[in-house]
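Engineer: Below: sequence and its predicted model.
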Amino acid sequence: MSVVSRQGVNGDLPSHSALVILDPNGNFLSSTPVLPDADGAAVSFIGAKRPGLPIYLSGSCLFGDEYGLFAHTLHPDWSLSEPTIRFYPNYTGSTSENALPTEDGGLLIGGTLRKPPFSFNKVALIKIGANGSIEQDTIHGQDQGQSICRQVVEWNGAYWITVDGRLTLPDPVPRLSAFRLNSDLGIDGWFQFAGLDVDPSPPFDSIPEGVLDLVPISRTRYATSGRGGEGMFPIVLISDSTREVFHHWLPRSTYTMDYPPFLQSLSQTPEGTLLYALHENYQYGTNPPYTPYEPDRIHVYKLDTSLNVLCEYIVDGFADNAYYTLHRIKASDDGGFILMGARRSFDDPSGYFEAWAQKFAATDCVTGMADSAHQREAVLFPNPSREGFTLMLSGEVVTGIVQVFDAAGRTTGSAPILGGQGYYDASGLPAGLYAYRVVDLRGEVRATGRWVKE
């Protein structure tokens with residue numbers, strides 16, 4: 001595992017990283033500083049393409065006033081090789097969220113560079129060969145706006161990156177897109193991430209934002225995840241490059257705020273199923289998540305490619321009196337998974353976050369959940385409200401109607417549900433408590449609940 005520590009109460013000063021070696025039971029064995037001579041180093045990736053190929057560790061760094069991206073390989077004794085570093089002297093910041101080991105023993109790093117003025121970003125790509133040398137590197141983006149590299153993946157024999165923002169101006173490519181790379185790390189194809197809305201007006205942004213995973217399901221379909229809407233609802237989609245949504249799912253807990261991990265919320269198991277993780281009771285505060293005021297929970301779902309829940313696992317911070325902040329989930333070859341992030345114990349009120357990684361076995365995932373309970377969940381927002389509400393149905397995409405009833409059981413109206421979503425205009429109704437029911441085209445009830453008009 002890699003550990004990043006940030007100086008300062010708010011974590012906004014230079015970062016320093018270490019490679020921590022644990023035994024199979026999670027016991028500490030050794031620790032090695034990463035780039036000890038650097039003024040800052042943040043590890044974002046550690047992994048290998050497959051057994052027998054190099055294990056890489058990569059991230060972003062700062063030496064003096066020069067920002068860069070770096071990579072190490074790990075020797076058999078877990079020591080680090082000499083680093084490969086690419087500096088960007090004309091930029092005022094560098095970050096990297098992911099990298100991809102390649103079949104030839106190399107590494108493809110996806111990074112983001114900050115261009116003065118502060119709010120402008122570009123995408124940086126580096127191909128490192130098996131001998132540690134930089135074989136190719138390029139920068140994509142323009143001198144205005146945001147271009148943030150989120151994921152680097154392999155799909156249908158090509159490398160892809162997911163980008164939050166745009167790479168060109170004027171912008172024929174919409175925000176939040178996936179781009180196919182050619183052999184020179186140029187762009188030779190793209191598609192926009194799928195959205196849910198038939199009417200993409202507020203309050204719901206039709207395209208998930210945030211993590212933007214891209215997990216290949218087949219040659220034509222992929223899974224992605226993120227957050228969207230005023231409530232920052234976590235969303236999982238099965239889509240294709242035409243932006244058709246085949247399945248979508250909005251997991252909802254009993255807590256006010258749910259949130260996906262910061263860097264990776266989806267991981268694929270060896271048998272092809274999906275692991276999806278989220279924070280339950282995520283808390284906003286000054287410089288979140290550095291000031292949590294009560295525990296939270298981490299919830300992991302194992303999903304098939306139709307987004308049916310096969311089993312689940314909960315890390316209960318209320319039982320541990322701790323707040324967990326999750327960065328990644330990673331499936332393991334034995335059918336289990338690893339969660340990586342940080343943990344703050346409330347047993348020490350003045351304590352800081354500590355690095356946290358935990359391995360779970362395949363048997364830890366509780367089976368026997370009732371899939372229908374999740375397929376029939378609906379997200380309704382805002383609630384309460386004065387004008388009306390948007391309703392989104394979880395599970396398969398549904399067409400039908402939402403019916404609304406007053407406290408006496410009288411029907412007050414209905415609205416169409418298209419693509420699993422609809423809007424009900426209640427501006428003409430008096431204040432009070434109302435019930436709703438979603439019925440599909442076969443007459444089957446798909447969701448029920450209550451809504452309050454102020």
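Structural biologist: Looks like it came in fine. Numbers count the residues shown, from 1 in each chain.

Engineer: how about low-confidence regions in the chain?
Structural biologist: For the chain, the stretches with pLDDT under 70 are 1-13, 118-119, 169-170, 197-208, 228-232, 284-290, 366-377, 395-396.

Engineer: so where do the helices sit in it?
Structural biologist: Counting by DSSP state H, residue ranges of the helices within the chain are 317-320, 371-375.

Engineer: which residue sits farthest out from the middle of this protein?
Structural biologist: Residue farthest from the centre of the chain, counting by Cα atoms, centre = their mean, is A408 at 43.3 Å.

Engineer: any idea how far that residue lies from A178?
Structural biologist: The gap separating A408 from A178 is 51 Å, by Cβ to Cβ, to the nearest Å. The C-beta positions use only the backbone N, C-alpha and C, and glycine is treated the same way.

Engineer: Let me know how buried L167 is, in neighbour terms.
Structural biologist: 20 (other Cβ atoms under 10 Å).

Engineer: That one: what's it in contact with?
Structural biologist: V123, H140, G141, Q142, S147, V173, F179, I187 (Cβ atoms under 8 Å, 6 or more residues apart in numbering).

Engineer: so the fifth one bridges to which residues?
Structural biologist: Applying DSSP bridges to S147 yields these beta-bridge partners: G165.

Engineer: Correct me if wrong: it contacts I139.
Structural biologist: No. Contact criterion Cβ atoms under 8 Å: S147 and I139 do not qualify, at 9.4 Å.

Engineer: Same drill for those two, tell me which one is more crowded.
Structural biologist: Higher neighbour count among S147 and I139: S147, with 24 against 15, using other Cβ under 10 Å.

Engineer: Next, the contact list for that one, please.
Structural biologist: T112, N121, K122, V123, H140, G141, V163, D164, G165, R166, L167.

Engineer: Next, count neighbours for the nearest residue to the fifth one once chain neighbours are set aside.
Structural biologist: For H140, the nearest residue in space outside its immediate sequence neighbours is V123; the separation is 4.4 Å by Cβ to Cβ, 6 or more residues apart in numbering. As a burial measure, the neighbour count of V123 was computed by other Cβ under 10 Å and equals 23.

Engineer: And the one 3 residues further on, by the same measure?
Structural biologist: The burial count assigned to I126 is 25, neighbours taken as other Cβ under 10 Å.

Engineer: For it, list each beta-bridge partner.
Structural biologist: I109, D137.

Engineer: shouldn't it be in contact with L108?
Structural biologist: Yes. Between I126 and L108 there is a contact under Cβ under 8 Å: 7.3 Å.

Engineer: what about stretch 73-91, start to end distance?
Structural biologist: 26 Å (Cα to Cα, to the nearest Å).

Engineer: should've said stretch 401-410
Structural biologist: Stretch 401-410 end-to-end distance (Cα to Cα) = 16 Å.

Engineer: got it, and stretch 383-394?
Structural biologist: Across stretch 383-394, first to last residue, Cα to Cα, it's 17 Å.

Engineer: Equivalent analysis for stretch 225-236, please.
Structural biologist: Terminal-residue distance, stretch 225-236 (Cα to Cα): 4 Å.

Engineer: Then stretch 18-32?
Structural biologist: With Cα to Cα, one end of stretch 18-32 sits 5 Å from the other.

Engineer: swap in stretch 415-424?
Structural biologist: 6 Å.

Engineer: Over to stretch 121-138?
Structural biologist: 14 Å.

Engineer: what comes up buried for that stretch?
Structural biologist: N121, K122, V123, A124, L125, I126, K127, I128, G132, I134, Q136, D137 (16 or more other Cβ atoms under 10 Å).

Engineer: cool, stretch 327-340 as well?
Structural biologist: Buried-residue list, stretch 327-340, by 16+ other Cβ under 10 Å: H327, R328, I329, K330, A331, S332, G335, G336, F337, I338, L339, M340.

Engineer: again, but for stretch 427-436
Structural biologist: Using 16+ other Cβ under 10 Å as the test for burial, stretch 427-436 gives L429, Y434, Y436.

Engineer: ok, now which ones touch the residue nearest the centre of the chain?
Structural biologist: Geometric centre of the chain, nearest residue: V211, 2.8 Å, by Cα atoms, centre = their mean. The neighbourhood of V211, defined by Cβ under 8 Å, 6+ apart, consists of R150, S225, G226, R227, P260, P261, F262, L263, Q264, S265, L266.

Engineer: swap the cut-off to 7 Å and go again
Structural biologist: Residues near V211 by Cβ atoms under 7 Å, 6 or more residues apart in numbering: S225, G226, P260, P261, L263, Q264, S265.

Engineer: With L100 instead?
Structural biologist: So L100 contacts L108, V152, V153, E154, Y159 (Cβ under 7 Å, 6+ apart).

Engineer: give me that answer again for 8 Å
Structural biologist: L107, L108, G110, V152, V153, E154, Y159.

Engineer: Correct me if wrong: the second one contacts K127.
Structural biologist: Put plainly, it is L108. Yes. Assessed by Cβ under 8 Å, L108 is found in contact with K127 at 5.4 Å.

Engineer: joint contacts of these two?
Structural biologist: With Cβ under 8 Å, 6+ apart, L108 and K127 have common neighbours T102.

Engineer: May I have the beta-bridge partners of A99?
Structural biologist: Assigned bridge partners for A99, using DSSP bridges, are I109.

Engineer: show me what contacts it?
Structural biologist: Here A99 is in contact with S44, F45, Y56, S58, A71, L107, L108, I109, G110, V152 (criterion: Cβ under 8 Å, 6+ apart).

Engineer: Likewise for T162?
Structural biologist: Contacts of T162 (Cβ under 8 Å, 6+ apart): 149-151, 153, 176-179, 193, 212-214, 224.
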